[in-house]
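[1] Model the following, please.
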Amino acid sequence: MFKIALVVALIFHATVLDGLAQAKTRARDLGIPFEGNPGPLNAITDVKGVAVGHTTLITGDGKLVVGKGPVRTGVTAILPQGKEFRGRVFGAWYSMNGNGEMTGTAWLEESGCLGTPVLITNTHSVGVVRDAVIEWNIKRGLGEGYTGDASLPLVAETYDGFLNDINGFHVKKEHVFQALESASSGPVAEGNVGGGTGMRAHGFKAGIGTSSRVLDSKDGGYTVGVLVQANYGARDLLHIAGVPVGKEITDLAPARGEQKDGQGSIIVVVATDAPLLPHQLKRLVRRVSLGIGIVGGRGENSSGDLFVAFSTANAEVSKTAGTAQLQMLPNEGINPLFRDTVSATEEAIVNALVAAKTMVGVNGNTAYAIPHDRLKAVMSKYQRLEK
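    Here you go, the predicted model:
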């Protein structure tokens with residue numbers, strides 16, 4: 001009975017936190033400029049059908065007691081075409097640096113298709129999240145007529161042990177189910193939520209961030225959306241809209257674990273409604289690296305920089321017999337998607353930083369939020385603040 005009550009309390013707590021996160025400040029609210037035209041929500045959910053859900057776990061404080069906390073972690077679920085989708089979409093993945101984990105990529109590479117949601121969590125919870133997604137798929141009948149899709153889900157991670165009792169294994173299958181079932185196509189909570197709860201980037205508090213771009217009608221009017229779980233990067237390399245913010249704001253760093261050499265990881269999910277085949281999605285997902293580079297990531301040795309992209313176009317990808325009728329955007333028309341993937345990735349990372357709040361975790365370890373007033377002052381100093 002106690003266990004059930006605890007799970008309910010945590011889920012309620014997560015829902016409240018997610019609702020608050022949706023109202024948080026975003027980079028454009030501060031006047032920070034970015035290239036491209038965002039969609040209505042400026043989120044990955046601007047791609048029709050894509051849904052995102054979070055479970056956020058925050059309990060306890062003070063000294064670390066393994067198995068008891070403090071807990072600063074969670075799960076984020078990205079459903080390529082919502083909870084009712086029972087087929088597959090074209091997809092591809094890319095590793096800029098492989099010091100991390102993303103399960104299911106062998107079959108994604110082999111088949112060119114993605115048939116389950118993508119989940120992001122902390123490093124030591126990949127296994128339980130993977131198993132929970134499989135159970136969720138099977139309960140929904142997705143394991144029938146086995147092809148590997150339902151049993152080989154994509155689950156990725158970044159490390160939150162600076163703030164979270166990561167060896168306490170606090171993420172349970174109930175939390176995975178809650179993230180999946182709560183997924184919606186509306187605004188996406190950012191910052192200290194879901195899998196991003198205990199994450200940092202460039203020595204500041206970070207976590208989940210998202211952004212989108214809508215191409216001009218002459219380029220097809222397609223939408224591309226990006227979601228990141230940012231937990232990477234050295235402070236001195238941080239650039240926002242071209243401004244060397246990391247060299248201007250050098251304090252507010254943790255007493256230890258400052259990510260001086262860029263250790264950490266970043267997971268990036270790219271969605272588009274453009275009719276791209278798997279080899280074109282592979283080309284698209286590689287461009288994520290450029291967006292990370294603009295902000296200041298260098299794919300350092302100890303960073304896990306793993307990305308996945310999928311297209312919601314081509315409904316007949318799900319056919320299991322006969323011949324599928326497919327559409328393909330000519331390679332000569334793909335450059336606008338490349339550019340917008342880069343800029344949406346850049347903005348999603350900055351949104352993760354701007355939305356995040358200062359967090360105190362295990363043993364009093366503190367990850368400080370980037371101060372909005374000082375960030376605006378630095379941007380103004382370099383004449384990069386929109387009025």
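
[2] How many residues are close by D61?
    By other Cβ atoms under 10 Å, 14 other residues sit near D61. Backbone N, C-alpha and C define where each C-beta goes, glycine included.

[3] Tell me, what's the model's pLDDT at the closest residue to it other than its chain neighbours?
    Leaving aside its sequence neighbours, D61 sits nearest to P70 (Cβ to Cβ, 6 or more residues apart in numbering; 5.1 Å). Note on P70: pLDDT of 98.

[4] ok, now which ones touch S303?
    Contact partners of S303, counting by Cβ atoms under 8 Å, 6 or more residues apart in numbering, are N97, N99, G100, Y232, G262, Q263, G264, S265, I266, G297.

[5] go on, V133?
    Each residue near V133 by Cβ under 8 Å, 6+ apart is listed here: T116, P117, L119, P153, V155, V176, L180.

[6] repeat for F85
    Taking Cβ under 8 Å, 6+ apart, we find F85 in contact with G49, L79.

[7] try the one 5 residues further on
    In this structure, F90 makes contact with G112, C113, L114, L276, L277, P278, L281, F310, S311, A313, N314, V317, judged by Cβ under 8 Å, 6+ apart.

[8] same check, this time on E35
    Residues counted as contacts of E35 (Cβ under 8 Å, 6+ apart) are R339, S343.

[9] next one: P70
    Per Cβ under 8 Å, 6+ apart, neighbours of P70: T59, G60, D61, G62, L64, L163, N164, D165, G361, V362.

[10] Do you know the pLDDT at the first one?
    At T59, the model reports a pLDDT of 98.

[11] phi, psi of the residue nearest to it when sequence neighbours are not counted?
    Spatial nearest neighbour of T59, excluding adjacent residues (Cβ to Cβ, 6+ apart): V71 at 4.6 Å. Main-chain torsions, V71, degrees, to the nearest 10: phi -110, psi 130.

[12] Closest one to A51 out of the contacts of S303, please.
    Nearest to A51 out of those is I266 (Cβ to Cβ; 21.9 Å).

[13] re the thing from before, can you check the contacts of F90 and name whichever has the most neighbours?
    F310 (30 neighbours).

[14] Name the SS class of it, please.
    strand (DSSP: H, G, I helix; E, B strand; the rest coil).

[15] ok, how many other residues are close to the closest residue in space to it that isn't next to it in sequence?
    Once flanking residues are discounted, F310 sits nearest to G91: 3.9 Å by Cβ to Cβ, 6+ apart. G91 has 29 neighbouring residues, counting by other Cβ under 10 Å.

[16] Rank the contacts of S303 by pLDDT and give me only the lowest.
    Least confident of these in the model: G262, at 79.

[17] my guess is that one meets S302, correct?
    Yes. Contact criterion Cβ atoms under 8 Å: G262 and S302 qualify, at 7.5 Å.

[18] more crowded one of those two?
    G262 (21 against 15).

[19] Surely the more buried one is within a helix?
    No. Note on G262: no helix contains this position according to three-state DSSP, which reports coil.

[20] can you pull the contacts of it?
    G262 touches Y232, G233, A234, L237, G297, R298, E300, S302, S303, counting by Cβ under 8 Å, 6+ apart.

[21] The third one touches H202, doesn't it?
    The one in question is A234. Yes. With contact defined as Cβ under 8 Å, A234 counts as touching H202 (6.6 Å).

[22] Neighbour count: these two, which is higher?
    Applying other Cβ under 10 Å to A234 and H202 shows that H202 carries more neighbours, namely 29 against 21.
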